[in-house]
Structure formats: C-alpha cells, structure tokens
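Participant: Give the three-dimensional model of this entry:
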Amino acid sequence: MVGLFEKKEFSKKINQIESSLKNAFEKVREEFDDHLDSINENTNELQMHYEYMTQLDVKITKLSEKIDDLHMLLKQVTMQQQPFLSRQEQKIFLTLYTFGEESPLSQVDIANRLNLNELTVRSALAAMVKKGIPVIEEKIDEKLYYKFSREFKEQQAKENIVRLDEDIVIEAI
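Facilitator: Modelled structure (predicted):
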C-alpha cells in the first residue's frame, strides 16, 4: 500500500509541476504576445514616420525648385538693373579686372596703364563704388591699392554683371 500511496503522491507532484510549467509557459507566451504587439505597433509607427518623412522630402524638393525659380527671376531683375559705367570707368574696371589679380593696383598704376591722370582714376573708382561695383581698397605702406575679390571676378566671368562695351574689351586685348 505504501508503494501505491507514494505513486499517487509522486503523480500528484508531477501534475503540479506540469501545471506550474504550463502556467509559466502561458505567462511567457502572453508576454511574448505583448512584446510582439508592441513591436508591431512600433513598426507601424516607424512606417508612418517614414511615409511622413518621404512626404516632407517631396515638399522640400518642390520648395527648393521654387527657390531656384525665384533665384533665376531675381537674377533677371538684377540683370536689368546692372550698373551703367562710363567708357573711362569701363576701362578702369577692365584694367583692375585684368591686372589686379597679380597684385592690387594703385591709382598711379592704373593712371599710367591707361594714360589718365590720378584724379580721373580716383573719381572713376569712387563712381564705380557708388554704382555698386565691389572694389576692394587695401592700404599697403600708407598707399591705397585696389582690386576685385576672386568671387566677384568669377561671377563677372560667368554672368557678365558689368556689361562692358565690346570695343573697349577688344581695345584692351
């Protein structure tokens, strides 16, 4: 009888352990299902954010195109408002543009190259600055020198901001 009692006790314990394991596995399954739901929700949220970012990218591209169009329109407007330079101002401009790259030129240097007097060069330079030409003035050893920035020269070469008369350009060559 003792053997039968022990078998029932042992069987009961196995059933309890089995039941405990089933409950534990059920809890683990529930937790996995909860995690799976969370992952799915996060995936959906990420997909939603990705779609939103894609829409933003499209809008930014369109905005960039519109800005480019506005830039082109602005260029056209400013091209119509280009500064008008007198013939002497054009010659001085071309001299600075051509020879000022090596080193800045003084009023005397410009005057000597163009057979003009210093006062004419000084007043032409002042007039160019008034008209919006970005003439850079440097003081070296208490003497003023003039040049154009590399950026302005590149822009002038690409866009011909200051419309020079062809005969003045040909004459300079």
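
Participant: So for the spatially most central residue of the chain, what pLDDT did the model give?
Facilitator: For the chain, Ser64 is the residue whose C-alpha lies nearest the centre (CA atoms, centre = their mean; 11.0 Å). What the model reports for Ser64 is a pLDDT of 85.

Participant: Name the spans of the protein whose pLDDT lies under the cut-off.
Facilitator: Counting by pLDDT under 70, the chain has low-confidence residues at 1-5, 75-83, 169-173.

Participant: what residues go with each domain of it?
Facilitator: Listed domain ranges for the chain are 1-81, 87-172 (source: automatic domain parsing).

Participant: Pick the most buried one from the ones you listed.
Facilitator: A comparison of those by mean neighbour count, using mean count of other CB atoms under 10 Å, puts domain 87-172 on top with a mean of 15. Using the backbone N, CA and C atoms, a C-beta is placed for each residue, glycine as well.

Participant: And the strands in this structure?
Facilitator: For the chain, strands defined by DSSP state E occupy the ranges 105-106, 135-140, 143-148.

Participant: neighbouring strands for the first one, and are they parallel or not?
Facilitator: When you say that, I think you mean strand 105-106. Note on strand 105-106: by DSSP bridges, its sheet partners are strand 143-148 (antiparallel).

Participant: follow-up on the earlier one: got a markdown table for the strands of the chain, with distance to Glu118 too?
Facilitator: What follows is these, written out as a markdown table (distance: least, CB to CB, whole Å):
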| stretch | distance to Glu118 |
| --- | --- |
| strand 105-106 | 9 |
| strand 135-140 | 15 |
| strand 143-148 | 11 |
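
Participant: quick one: Gln107 and Thr120 touch, right?
Facilitator: No. With contacts defined as CB atoms under 8 Å, Gln107 does not count as touching Thr120, sitting 9.4 Å away.

Participant: Glu137: what's it in contact with?
Facilitator: Listed by CB atoms under 8 Å, 6 or more residues apart in numbering, the contact set of Glu137 reads Leu144, Tyr145, Tyr146.

Participant: Any figure for the gap between it and Leu116?
Facilitator: From Glu137 over to Leu116 the distance is 18 Å, taken as CB to CB, to the nearest Å.

Participant: now stretch 39-46, how far from the chain's geometric center?
Facilitator: Taking CA atoms, centre = their mean, to the nearest Å, one finds the center of stretch 39-46 at 34 Å from the center of the full chain.

Participant: oh, and call the first residue 890 from now on, that's how I've got it
Facilitator: Will do, 890 is the new start, and the previous item becomes stretch 928-935.
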